[in-house]
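**Student:** sequence plus predicted model, see below.
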Amino acid sequence: MTDTLPAPTETNIFLGYIDEAEYCRQRGISLRTAQRDRQLRQSPPYTVVGQRVMYRIDSIRTWLLERERQVERKASAPRAGGRK
């Protein structure tokens, strides 16, 4: 009786990652904006493989959730001139 390892179901090592061009396309920004955001440390976490920038999809989602803003609804003050 021999032990065998299960066959990998997916051999793509970049499964769960998107490249910089796809990130820009989905976010609706230019490549230069993505580069600037990384330089200013305002981008989601990324990985550089050779010269290729890759973003992990789960990290992008977490990054987006961290930037979610809660809107507090307050009664507004009466406007100048009010109704007559």
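**Tutor:** Here it is on my side, so go on. Just so it is clear, the model here is predicted, and its values are computed rather than measured.
**Student:** need the longest strand for the protein.
**Tutor:** Longest strand in the chain by number of residues (criterion: DSSP state E): strand 52-56.
**Student:** for that one, buried residues please.
**Tutor:** The neighbour-count check on strand 52-56 (16 or more other CB atoms under 10 Å) flags Val53, Met54, Tyr55, Arg56 as buried. Using the backbone N, CA and C atoms, a C-beta is placed for each residue, glycine as well.
**Student:** tell me the pLDDT of the third one.
**Tutor:** According to the predicted model, the pLDDT of Tyr55 comes to 98.
**Student:** residue contacts, it?
**Tutor:** Contact analysis of Tyr55 by CB atoms under 8 Å, 6 or more residues apart in numbering lists Tyr17, Ile18, Asp19, Glu20, Tyr23, Pro44, Pro45, Tyr46, Thr47.
**Student:** go with 10 Å
**Tutor:** Tyr55 makes contact with 16-20, 22-24, 26-27, 34, 43-47, 63 under the criterion CB atoms under 10 Å, 6 or more residues apart in numbering.
**Student:** number of residues surrounding Asp19?
**Tutor:** 14 (other CB atoms under 10 Å).
**Student:** next one: Ala34
**Tutor:** 20.
**Student:** how much distance is there from the longest strand of the chain to the middle of the chain?
**Tutor:** Remark: strand 52-56 is offset 11 Å from the chain centroid, using CA atoms, centre = their mean, to the nearest Å.
**Student:** renumber starting at 405 from here on
**Tutor:** Yes, from this point I'll number from 405; that puts the last item at strand 456-460.
**Student:** and the next helix or strand past it?
**Tutor:** Moving toward the C-terminus from strand 456-460, the first helix or strand encountered (DSSP states H and E) is helix 461-470.
**Student:** how about the CA coordinates for that following helix, as PDB?
**Tutor:** What follows is helix 461-470, C-alpha atoms only, in PDB (Å, rounded to 0.1, in the frame of the first residue of the first chain):
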ATOM      1  CA  ILE A 461      -8.000  40.100  -4.300                       C
ATOM      2  CA  ASP A 462      -8.800  39.500  -0.600                       C
ATOM      3  CA  SER A 463      -6.300  42.300   0.400                       C
ATOM      4  CA  ILE A 464      -8.000  44.700  -2.000                       C
ATOM      5  CA  ARG A 465     -11.400  43.900  -0.500                       C
ATOM      6  CA  THR A 466     -10.100  44.300   3.100                       C
ATOM      7  CA  TRP A 467      -8.500  47.600   2.100                       C
ATOM      8  CA  LEU A 468     -11.800  48.900   0.600                       C
ATOM      9  CA  LEU A 469     -13.700  47.900   3.800                       C
ATOM     10  CA  GLU A 470     -11.200  49.700   5.900                       C
END
